[in-house]
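Trainee: pasting the structure only:
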């Protein structure tokens, strides 16, 4: 769809105000010092002090700011101009020097210079992108040789189901453009929002192949039978900060993580 960017930008712009007020994003606690990073990503990030980090599809920047608080030099980028405005405001209120830029991910190399030690992206990102080969090319472009990708995402199996998780509605494979109309938002399902969205499902094979084809070496891949977010209908917290969809239980992965290193130039 030629206009998918406009549709999705409008959708995300509309969500920002509701998200800032939601318990899901706990902005007051965040400004008081609470991190937005979860154990999954913290375990694979390693030491980030003095590292140059690019955060792709950063929404209004909580993870970017959390990484800055850990001593990293962080640039966050997002399609939504409203989200970036909120991110800059949040950064000032948090007292950290995090840079933010408004850009479609595919156009980012045209508007942002520099190379980074780490490219970071997480939770609900690649479904908004039609072409993962171009996504991986952007990641490779921004990574220094030997630099690392940190990626955490909802598992593609989760995206196969209808919103109530009663039956399989979509293909596991990237076979169609998914056009939907959403009521509310994952952070506040009762929000007075009605918006269109355009997304794509991406199997893990597509993710791995895209990265490998663009000079990245996979160094870890893990799957988790839980999610750190109650962002789907009927989520149930079975341990503090860990959620499952009861119909699926622990029988399917809810989230996966991976790390990849940009290969050094051959001599």
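Mentor: Structure's in. What do you need? This is a predicted model, so every value here is computed, not measured.

Trainee: List the contacts of stretch 101-118.
Mentor: With C-beta atoms under 8 Å, 6 or more residues apart in numbering as the test, stretch 101-118 has contacts from 5, 45, 48, 51-54, 56-57, 72, 75-81, 84, 129, 131, 134-135, 138, 141-144, 147-150. Where C-beta positions appear, they are placed from N, C-alpha and C, glycine not excepted.

Trainee: Mind doing that once more with 7 Å?
Mentor: Stretch 101-118 is contacted from outside by 5, 48, 51-54, 56-57, 75, 77-79, 81, 84, 129, 134-135, 138, 141-144, 147-148, 150, using C-beta atoms under 7 Å, 6 or more residues apart in numbering.

Trainee: buried ones in that stretch?
Mentor: By neighbour count with 16 or more other C-beta atoms under 10 Å, stretch 101-118 contains the buried residues 102-103, 105-106, 108, 112, 116-118.

Trainee: Format the residues you listed as CSV; extra columns: distance to residue 125.
Mentor: Formatted as CSV, those follow (distance: C-beta to C-beta, whole Å):
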residue, distance to residue 125
102, 16
103, 14
105, 9
106, 13
108, 13
112, 17
116, 17
117, 20
118, 15
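
Trainee: Which ones among those lie within helices?
Mentor: Among these, the members found in helices (DSSP state H) are residue 108.

Trainee: State the next helix or strand along the chain beyond the lowest-mean-pLDDT helix or strand in the chain.
Mentor: The helix or strand of the chain with the poorest confidence is strand 178-183; it has a mean of 94 (mean pLDDT, DSSP states H and E). Where DSSP states H and E defines the elements, the next helix or strand beyond strand 178-183 is strand 194-199.

Trainee: Quick one: residues in contact with that next one.
Mentor: 1, 4, 7-8, 10-11, 14, 127-128, 177-183.

Trainee: same thing but at 8 Å, please
Mentor: So strand 194-199 is in contact with 1, 4, 7-8, 10-11, 14-15, 127-128, 177-183, going by C-beta under 8 Å, 6+ apart.

Trainee: Going by contacts, tell me the helices and strands next to the helix or strand that it is followed by.
Mentor: Using DSSP H and E, the helix or strand that follows strand 194-199 in sequence is helix 204-213. In terms of contacts (3 or more C-beta pairs under 8 Å, 6 or more residues apart in numbering; DSSP states H and E), helix 204-213 is packed against helix 132-142, strand 216-224, strand 255-262.

Trainee: Could you check the ones you listed and tell me which one is nearest residue 193?
Mentor: When the helices and strands packed on helix 204-213 are compared by C-beta to C-beta, strand 255-262 sits nearest residue 193, at 25.0 Å.

Trainee: what lines up beside the closest one in the sheet?
Mentor: Looking at strand 255-262 with DSSP bridges, its partner strands are strand 143-154 (antiparallel), strand 216-224 (antiparallel).

Trainee: Kindly reformat the helices and strands packed on helix 204-213 as JSON lines and extend each row with mean pLDDT, mean neighbour count and distance to residue 89.
Mentor: Converted to JSON lines, the helices and strands packed on helix 204-213 look like this (pLDDT from 0 to 100; neighbours: other C-beta atoms under 10 Å; distance: least, C-beta to C-beta, whole Å):
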{"stretch": "helix 132-142", "mean pLDDT": "98", "mean neighbour count": "20", "distance to residue 89": "25"}
{"stretch": "strand 216-224", "mean pLDDT": "98", "mean neighbour count": "15", "distance to residue 89": "33"}
{"stretch": "strand 255-262", "mean pLDDT": "98", "mean neighbour count": "20", "distance to residue 89": "29"}
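
Trainee: Output those in CSV, with distance to residue 25 appended to each entry.
Mentor: Below are the helices and strands packed on helix 204-213 laid out as CSV (distance: least, C-beta to C-beta, whole Å):
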stretch, distance to residue 25
helix 132-142, 25
strand 216-224, 21
strand 255-262, 18
